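1. With the sequence up front, the predicted model follows.
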Amino acid sequence: MNLGIEFVLYGILIIVALLPLYIYREKLFFSKKTFNGDFDTFVKDLKIHMQKYHPNINIDYSIIQKTKDEKNLEFREAFIVENVLEQFFNFPYKKTTQKSVSRDKLWANYDEKSLSSSKLPSDWSQRKELAWRRDNRCCNRCGKELSNINESYINFVKDIKDKGSYSLENIIILCIDCNKVLNSTNPKNSIDSLVLKDKLLDLIKTK
Ligand SMILES: [Zn+2]
């Protein structure tokens, strides 16, 4: 009977002593496996997102290799997002005269109402819609699809305050973020306010 109790006690002691080791091993193995998988998924999702929503912006992904020694994956991913956002912001874009629309699609008084004025012409919504259709409902800078006209923003090749006109050739269709980029006076604040920033940070959170 005594031996039996001792046997049970030793047995319990051994189990208690070894248990943390097993848990630790499992945790180590488990975390290593998922973290690696998650990082690869993050990179894949990031590339898919940029290609799908901003196809005109060529991103250089060398930052992934450059951060390979960063042990904290969340930190590494945040660093990569920050770099991609900067590239999105700094991607060169030159405002150029936009495509014309054939005369038969225009209306009476079109030319007259195109003239530069501090007030938008009365046919403004018609012009905006025509420019949006002309550009296949896409942002002129990044190529983002703007399925709803309310998602599109206007910039002018030649600013109205510089006597630019309201003619279709002067109207640039942009997405919300590219409009922010073109109007930016403070790069850091502009990058922080990008809708794209929230989208890319969400890719980190989903792990
Ligand atoms: Zn855009």
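-> Cool, got the structure.
2. moving C-terminal of the helix or strand hosting K180, what's the next helix or strand?
-> Assigned by DSSP states H and E, K180 belongs to helix 176-183. Per DSSP H and E, helix 176-183 leads on to helix 187-192 as the next helix or strand towards the C-terminus.
3. Run through the neighbouring helices and strands of that next one.
-> Helix 187-192 makes packing contacts with helix 73-90 when contacts are defined by 3 or more C-beta pairs under 8 Å, 6 or more residues apart in numbering; DSSP states H and E. Every C-beta, even on glycine, is put in place using the N, C-alpha and C of the backbone.
4. Remind me what the very next helix or strand once past the helix it packs on packs against, helices and strands.
-> Later in the chain than helix 73-90, the nearest helix or strand by DSSP H and E is helix 110-114. Counting contacts by 3+ C-beta pairs under 8 Å, 6+ apart, helix 110-114 is packed against no other helix or strand.
5. picking that back up, buried residues, the helix holding K180. List them.
-> Using 16 or more other C-beta atoms under 10 Å as the test for burial, helix 176-183 gives I176, D177, C178, N179, K180, V181.
6. so who does the fifth one touch?
-> Listed by C-beta atoms under 8 Å, 6 or more residues apart in numbering, the contact partners of K180 are S190, S193, L194.
7. Whichever of those end up buried, select them in ChimeraX.
-> Burial among the contacts of K180 is assessed by 16+ other C-beta under 10 Å; the matching ChimeraX selection reads:
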select :190,194
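8. Could you tell me how many residues sit around K113?
-> 19 (other C-beta atoms under 10 Å).
9. if we can go back for a sec, for the buried residues of helix 176-183, which one is nearest the ion?
-> Ranked by distance to the ion (C-beta to the ion), these are led by C178 at 3.2 Å.
10. What pLDDT is listed against the closest one?
-> Reading off the confidence values, C178 has pLDDT 98.
11. Would you mind naming what in the chain lies close to the ion?
-> C139, R141, C142, K144, C175, C178 (C-beta under 5 Å from the ion).
12. Pretty sure the fifth one sits against Y153.
-> Yes. Proximity of C175 to Y153 meets the contact threshold set by C-beta atoms under 8 Å, at 6.9 Å.
13. what's near enough to touch L85?
-> Residues near L85 by C-beta under 8 Å, 6+ apart: I191, L194, L196, K197, L200.
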